[in-house]
Every structure is written in C-alpha cells, then in structure tokens.
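Undergrad: the sequence isn't on hand, but the structure is:
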C-alpha cells in the first residue's frame with residue numbers, strides 16, 4: 001500500500017525530524033464551510049456520504065485542492081465505527097442512538113466489530129484517497145477515544161454536561177470500565193486497518209475529556225486511549241493524541257506513547273511547550289479567531305507559532321472549524337502560517 005513520503009512536512013515534523021516548513025491542517029477541514037462540500041450534501045445524506053467511497057474520497061480531498069494543506073483527514077464521523085455494534089445510530093441532524101448502555105448486560109449485548117466487513121466503505125475511501133493524494137502529503141485516519149464514544153453510548157445523544165455519563169462512572173464504575181474496555185478492544189483492529197490501507201497517521205479524538213476531573217480521566221480513560229495510540233504505532237503509523245480540555249489533563253497526556261500531542265485553545269501553547277519540550281505539538285488556534293479581522297487573525301496565528309517554537313509544531317485549530325467560516329479567512333490563516 002502506498003504511503004506518504006516520510007520526509008514530507010507533516011510526517012517529518014510528527015516524527016521529530018527537521019522539515020522544510022511548518023506543516024498545517026485543520027480539524028473538520030472537509031465540511032460545511034466549503035461550498036463544494038455543500039454541493040455534495042445536496043446529493044447525499046450525511047451517512048450516505050460517509051459510506052459512499054467515491055464521494056467521501058472527493059470530499060476528503062476538497063480542502064487539499066483548495067488550500068494546499070499538508071495533510072488530508074479521512075471524511076467520516078466519530079460514531080460511524082460503533083454503528084455495527086448495534087447501537088441504532090441515526091442523525092437528526094445530530095447523532096442519536098436508539099440503544100444506550102446502562103448496565104453490564106448492555107455492555108455484553110454490544111456486537112463485535114470487523115473492520116474489513118463492517119467498515120469496508122471507510123477502508124475503500126482510505127485506499128482511494130491515498131491513490132490520489134500527493135505523496136508529499138499525509139493521510140490521517142481517526143477514531144473516537146473510548147471515553148468520548150462512551151458518552152454517546154450512555155446518553156444516547158449529545159450533551160453539554162454529560163451528567164449521566166459521569167453518574168455511571170461513579171455509581172457503577174465496573175460497568176463504565178467494561179464499556180471502555182469493550183470499545184478499546186473493538187477499535188484496536190480498526191486503527192491497524194486504517195494504517196494498513198493507507199493512512200499515515202491516526203488521531204484519537206477525546207472531544208469530551210474536559211467534563212472529567214483530572215484523576216478520573218487519568219485513571220480510567222487515558223489508559224484505554226493509550227491502547228489505540230499504541231495500536232497506531234504498532235501498525236507503523238503516527239499516533240496523534242487530541243484532548244479537548246488539555247489544560248487539566250496535559251500532565252497525563254505527556255506520559256502517553258503518542259508521537260503528537262494535540263489540544264484545544266484553552267491551554268496556552270507556550271505553557272504546553274514547557275510541559276512537553278521534546279514532543280511534537282499540534283494546534284491550537286481558537287476556531288472563532290477565523291471571524292476576526294485579517295490583521296487580528298494573523299497576529300493570533302503568529303502567537304501560536306511563537307509559543308510552539310520553530311520546530312516540532314503542526315499548526316491546527318484547537319477544535320473543528322465552524323460551518324459559518326468564510327473560506328477567505330482560511331486563506332489568510334494559511335498564508336500567515338507559511339510566513340511563520
């Protein structure tokens with residue numbers, strides 16, 4: 001299987017080598033802020049788009065064609081891999097699960113996951129993108145961290161506070177642990193399959209880690225995410241550890257086996273660099289800065305780059321790009337990163 005050039009800007013930086021320039025990509029870079037993506041959505045529902053390889057590959061490559069970014073990230077959704085486990089996933093438009101996990105019996109009832117059969121469209125999309133992607137650019141696959149996936153499986157839909165999830169953690173810790181273990185076991189083969197089919201890197205998304213106390217996250221959640229990061233490394237891929245809420249969790253993050261630590265804008269980049277002086281960092285511009293005037297946006301980009309230093313930094317946002325962003329603002333961002 002073809003892979004990206006290890007001396008390309010993204011992979012070289014991720015692996016701690018000197019690169020020709022500071023690489024960049026954007027979380028949710030293939031999405032609703034792009035008119036070409038909106039045109040695709042007129043033809044496909046969200047799940048249809050995720051599960052139609054030719055269309056998903058086209059969407060994955062749209063931001064590369066427009067902005068010349070250094071990495072493509074596979075177009076799919078965090079919850080797509082758990083749909084075959086029998087959770088009854090649908091989008092209204094946000095994700096809703098008709099079956100939730102509240103007990104040990106619910107965990108036992110979850111189906112097995114075979115990536116080669118259950119997620120064949122996803123893996124075919126990986127192969128198509130890798131065939132079409134410039135070898136100097138990396139392809140990133142991703143999975144939800146077990147804790148973040150568990151949040152949806154316990155509550156059945158999105159939440160701002162995830163109270164039911166935290167209640168289960170404290171009221172039935174053995175059920176909580178069993179669910180995270182089941183998810184880690186299900187996703188380890190998927191991580192390996194993503195790399196085997198052409199992904200150069202796999203990013204774990206712990207999007208809801210901020211709702212947990214540092215001790216709870218470090219003891220119960222981080223070890224299960226570590227299994228997925230290790231699976232990426234063992235398969236020969238780059239492991240990227242993204243945590244939303246890193247300000248409280250960074251001391252545990254730096255102990256992980258990840259090649260790259262990625263985090264939200266609420267942790268100052270210079271503070272993160274002090275905690276991880278020899279690790280590649282990814283991030284971490286506030287996504288709403290893309291609504292600022294161009295001169296203020298440029299200033300904010302420079303501040304992130306200065307805080308990270310000239311090497312071992314992959315520029316990104318601290319969370320996904322918002323649908324209302326003008327693509328022209330992304331052009332300004334890219335221009336300033338290239339000047340840094």
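TA: Structure received. Small disclaimer: the values here were computed from a predicted structure and weren't measured.

Undergrad: what about stretch 328-335, average pLDDT?
TA: The pLDDT scores in stretch 328-335 average 99.

Undergrad: so what's the gap between that stretch and the chain middle?
TA: Chain-centre distance of stretch 328-335: 21 Å, with C-alpha atoms, centre = their mean, to the nearest Å.

Undergrad: again, but for stretch 33-41
TA: On C-alpha atoms, centre = their mean, the centre of stretch 33-41 falls 21 Å from that of its chain.

Undergrad: buried set for it?
TA: 33-34, 37, 40 (16 or more other C-beta atoms under 10 Å). To be clear about C-beta, it is placed using only N, CA and C from the backbone, and glycine gets the same treatment.

Undergrad: residues contacting that stretch, please?
TA: Residues lying outside stretch 33-41 but in contact with it, judged by C-beta atoms under 8 Å, 6 or more residues apart in numbering, are 30-32, 49, 55, 58-59, 62-63, 66, 321-327, 330.

Undergrad: which of the helices or strands spans residue 332?
TA: helix 327-339 (DSSP states H and E).

Undergrad: what is that helix packed up against?
TA: helix 53-67, helix 294-308 (3 or more C-beta pairs under 8 Å, 6 or more residues apart in numbering; DSSP states H and E).

Undergrad: how about those helices in CSV, adding distance to residue 17, mean pLDDT and mean neighbour count?
TA: Formatted as CSV, those follow (distance: least, C-beta to C-beta, whole Å; pLDDT from 0 to 100; neighbours: other C-beta atoms under 10 Å):
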stretch, distance to residue 17, mean pLDDT, mean neighbour count
helix 53-67, 22, 99, 20
helix 294-308, 16, 99, 17
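
Undergrad: which of those sits closest to residue 26?
TA: Counting by C-beta to C-beta, residue 26 lies closest to helix 53-67 out of these; the figure is 7.0 Å.

Undergrad: from the contact counts, what lies against the helix or strand following the closest one?
TA: Using DSSP H and E, the next helix or strand after helix 53-67 towards the C-terminus is strand 71-73. For strand 71-73, the packing partners by 3+ C-beta pairs under 8 Å, 6+ apart come out as helix 53-67, strand 138-144.

Undergrad: strands paired with the helix or strand following strand 71-73, and their directions?
TA: Once strand 71-73 ends, the next helix or strand along the chain (criterion: DSSP H and E) is strand 89-91. Applying DSSP bridges, strand 89-91 is found paired with strand 95-97 (antiparallel).

Undergrad: tell me the buried residues in the helix or strand following the strand it pairs with?
TA: Using DSSP H and E, the helix or strand that directly follows strand 95-97 along the chain is helix 104-109. For helix 104-109, a neighbour-count test (16+ other C-beta under 10 Å) marks 106-107 as buried.

Undergrad: what does helix 104-109 rub up against?
TA: 86, 99-101, 172, 174-175, 178-179, 182.

Undergrad: please redo it, this time with the cut-off set to 7 Å
TA: The set of residues external to helix 104-109 that reach it, using C-beta atoms under 7 Å, 6 or more residues apart in numbering, is 101, 175, 178-179, 182.

Undergrad: now swap in stretch 78-97 and tell me
TA: 46-47, 50, 98-99, 110-111, 113, 118-119, 122, 143-144, 148-149, 152-153, 156-158, 186-187, 190, 205.

Undergrad: and it, end to end?
TA: 13 Å (C-alpha to C-alpha, to the nearest Å).

Undergrad: what's the burial count for residue 324?
TA: Neighbourhood size, residue 324 [other C-beta atoms under 10 Å]: 10.

Undergrad: for it, helix, strand, or coil?
TA: coil (DSSP: H, G, I helix; E, B strand; the rest coil).

Undergrad: now it. Nearest residue, chain neighbours left out?
TA: residue 33 (7.0 Å; C-beta to C-beta, 6 or more residues apart in numbering).

Undergrad: next one: the closest residue to residue 226 other than its chain neighbours relative to residue 222, how far apart?
TA: If the residues on either side of it in the chain are set aside, residue 226 comes closest to residue 256, at 5.7 Å by C-beta to C-beta, 6+ apart. Residue 256 sits 7 Å away from residue 222, going by C-beta to C-beta, to the nearest Å.

Undergrad: for the protein, what are the low-confidence residue spans?
TA: 1 (pLDDT under 70).

Undergrad: so which residues of it form strands?
TA: Per DSSP state E, the chain carries strands over the ranges 71-73, 89-91, 95-97, 138-144, 201-206, 238-243, 260-263, 280-285, 313-317.

Undergrad: between these, which one is closest to residue 16.
TA: Once those are compared by C-beta to C-beta, strand 280-285 is nearest, at 6.1 Å.

Undergrad: now the angle from the closest one to strand 313-317?
TA: 30 degrees (axes from the mean of the first three to the mean of the last three C-alpha atoms, to 10 degrees).

Undergrad: what are the pairing partners of strand 280-285, and which direction each?
TA: strand 260-263 (parallel), strand 313-317 (parallel).

Undergrad: which one of these lies nearest to residue 300?
TA: Set against residue 300 and scored by C-beta to C-beta, the strands paired with strand 280-285 come closest in strand 313-317, at 10.9 Å.

Undergrad: what's residue 259 in contact with, if anything?
TA: Per C-beta under 7 Å, 6+ apart, neighbours of residue 259: 14-15, 238-240, 280.
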